[in-house]
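**Q** Return atomic coordinates for the entry below.
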Amino acid sequence: MSGTDVVWFMLTVLFAAAAIHELRHRVLPRSSGWRTRIDGLLHTVMAVAMCVMPWSWGAWVPARAQAVFFAAAALWFPLSALSRRRGLRLSAAARSLSSAGGMAAMTWMACSTASPGHQTPAAHAGHAMGEPAPHDAGVGMLALYLLVCALRSLTRDMPGLRRNTGNPHTPAIRELYGHFWEGATHLGTVVMLLMHR
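**A** Numbers count the residues shown, from 1 in each chain. Just a heads-up that it's a prediction; the model follows:
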């Protein structure tokens, strides 16, 4: 097994765990509102797509259909945030941009998969160090933005993690775990985006 295959395997495990987390905490609970369930379902679909994307058997869903789906998902997050009550619109829209960025990364990866002569990401990663393509600047900016979002999510609650050592089912602890999974997913998306190019 090559080093690239090891990275893809670790990303597959990460995104499988992220999909399970989204289902358990945002999609299935009866207490979740309809917006939370849709958000969680979109994140679950994204995580499942990331699990299978690197492998040759993961190409059973047409790449163009994936690109359309994830482009619509990228628009869903800011538009649904702007449709909320007036006082919360701007802050909700700003918070939704990291999710929209992840969906935009999925859209780009699906579009590049749909291009003629595309290889699976695992095979493609070995050729990624060639001539820079014109779209590399856009991909680099998207990866940088997602990296900032990942570091913010992973580090914002570090003092809270030291203080909150009680019941893991309390809302504060659930929020801390949610930020961890959000950051880990963004970080995995950055790695996959850079290897995919």
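**Q** what about residue 106, neighbour count?
**A** Counted with other CB atoms under 10 Å, the neighbours of residue 106 add up to 26. C-beta here means a position set from N, CA and C on the backbone, and glycine is covered the same way.
**Q** check contacts around it.
**A** The neighbours of residue 106, taking CB atoms under 8 Å, 6 or more residues apart in numbering as the test, are 46, 49, 50, 66, 70, 73, 189.
**Q** For those, which entry has the maximal number of neighbours?
**A** Of all the contacts of residue 106, the most densely surrounded is residue 189 (30 neighbours; neighbours counted as other CB under 10 Å).
**Q** out of the contacts of residue 106, who's nearest residue 100?
**A** Checking the contacts of residue 106 against residue 100 by CB to CB gives residue 73 as the nearest, at 8.2 Å.
**Q** what does whichever strand or helix holds the closest one rub up against?
**A** The secondary structure element spanning residue 73 is helix 63-82 (assigned by DSSP states H and E). With CB under 8 Å, 6+ apart as the test, helix 63-82 has contacts from 35, 38-39, 42, 45-46, 49, 89, 92-93, 95-97, 99-101, 103-104, 106-107, 110-111, 113-114, 118.
**Q** Please convert the buried members of these into PyMOL selection syntax.
**A** Written as a PyMOL command, the selection of buried residues from the contacts of helix 63-82, which uses 16 or more other CB atoms under 10 Å, is:
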select buried, resi 38+39+42+45+46+49+92+93+96+97+99+100+101+103+104+106+107+110+111+113
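**Q** three-state assignment of residue 30?
**A** The three-state label given to residue 30 by DSSP: H, G, I helix; E, B strand; the rest coil is coil.
**Q** burial count for it?
**A** Applying other CB under 10 Å, we find 4 other residues in the vicinity of residue 30.
**Q** Local confidence estimate at it?
**A** Residue 30 is assigned 85 on the pLDDT scale.
**Q** now the one 10 residues further on
**A** You'll see residue 40 listed with a pLDDT of 93.
**Q** Tell me how far the helix holding residue 73 lies from the chain's centre.
**A** Using CA atoms, centre = their mean, to the nearest Å, the distance from the centre of helix 63-82 to the centre of the chain it belongs to is 13 Å.
**Q** Okay, buried residues for that helix please.
**A** In terms of neighbour count (16+ other CB under 10 Å), helix 63-82 has its buried residues at 63, 66, 67, 69, 70, 71, 73, 74, 76, 77, 78, 81.
**Q** out of the contacts of helix 63-82, which are inside strands?
**A** When strands are assigned by DSSP state E, not one member of those lies inside them.
**Q** thinking again about what came up before, widest-spaced pair of the contacts of residue 106?
**A** By the measure CB to CB, the contacts of residue 106 have their two most distant members at 66 and 189, which lie 14.6 Å apart.
**Q** Closest to residue 14 out of the contacts of residue 106?
**A** Using CB to CB, residue 50 is the member of the contacts of residue 106 that lies nearest residue 14, at 8.4 Å.
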